[in-house]
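>>> how would this look folded up:
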Amino acid sequence: MQALERRRVGAFGIDQALTMGELEAAARDGTVGDRVVSIDQALSDMPAAEVDSDTAERACHGVAVPAARVAQWLGSCRAGGVVRIRTKGVTVALATAPADHATLRARESGAVLRIDRVLRDRESKVSSVQGLSQGSARSR
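Numbering: from 1, shown residues only. Okay, the predicted model is just below:
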């Protein structure tokens, strides 16, 4: 074997890829945001926990999210799996699930989602996340 080319990763195919030249041109034109997928789109196949703004703000400072504070679960997770922490439909952090989906949904479990990565600018307030474009959140 001389070479191996990956043509698809999850929902993304090679037909959606940009060349470096196309990306550089988009940067010059100021259209990168129109050409690059948002964090929410890129991670859309991962389970998510929708929380209120106050809980999301604490999560963005590294504070674990009690499973009891999750308003809505989107998708199923497994113990040790990654869960998106979202508020108002925007992913603001990634966390590790300490248990499977059924255990986490049982609010009396006392389980917490440990924050692994914050995905929004530290300067922006989660309470204003509605004004935060989905493409502007970035990994730290």
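>>> which residue ranges form the strands in this protein?
8-9, 12-13, 48-50, 65-66, 72-74, 82-87, 90-96, 112-118 (DSSP state E).
>>> any idea how this structure splits into domains?
1-36, 38-131 (automatic domain parsing).
>>> got those domains as a markdown table, with mean neighbour count and mean pLDDT columns?
C-beta: built from backbone N, CA, C; applies to glycine. Listed next are the domains of the chain as a markdown table, based on neighbours: other C-beta atoms under 10 Å; pLDDT from 0 to 100:
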| stretch | mean neighbour count | mean pLDDT |
| --- | --- | --- |
| domain 1-36 | 10 | 89 |
| domain 38-131 | 17 | 87 |
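>>> sorry, back to before: in a markdown table, list the strands of the chain along with distance to R58.
Output for the strands of the chain, formatted as a markdown table (distance: least, C-beta to C-beta, whole Å):
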| stretch | distance to R58 |
| --- | --- |
| strand 8-9 | 32 |
| strand 12-13 | 32 |
| strand 48-50 | 13 |
| strand 65-66 | 8 |
| strand 72-74 | 18 |
| strand 82-87 | 10 |
| strand 90-96 | 10 |
| strand 112-118 | 9 |
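>>> which of the ones you listed sits closest to I39?
Of all the strands of the chain, it is strand 90-96 that lies closest to I39, at 5.6 Å by C-beta to C-beta.
>>> any idea how far the closest one is from the middle of the chain?
Relative to the centre of its chain, strand 90-96 is centred 5 Å away, using C-alpha atoms, centre = their mean, to the nearest Å.
>>> coming back round to it: looking at the strands of the chain, which is nearest to G33?
strand 90-96 (14.8 Å).
>>> ok, residues contacting that closest one?
Applying C-beta atoms under 8 Å, 6 or more residues apart in numbering, the contact partners of strand 90-96 are 39-40, 43, 48-49, 56, 59-60, 64-65, 80-86, 113-120, 126, 129, 132, 134, 137.
>>> note down every partner strand of it and its orientation.
Taking DSSP bridges as the criterion, strand 90-96 forms sheet pairs with strand 82-87 (antiparallel), strand 112-118 (antiparallel).
>>> including distance to T96, could those strands go into JSON lines?
Converted to JSON lines, the strands paired with strand 90-96 look like this (distance: least, C-beta to C-beta, whole Å):
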{"stretch": "strand 82-87", "distance to T96": "7"}
{"stretch": "strand 112-118", "distance to T96": "5"}
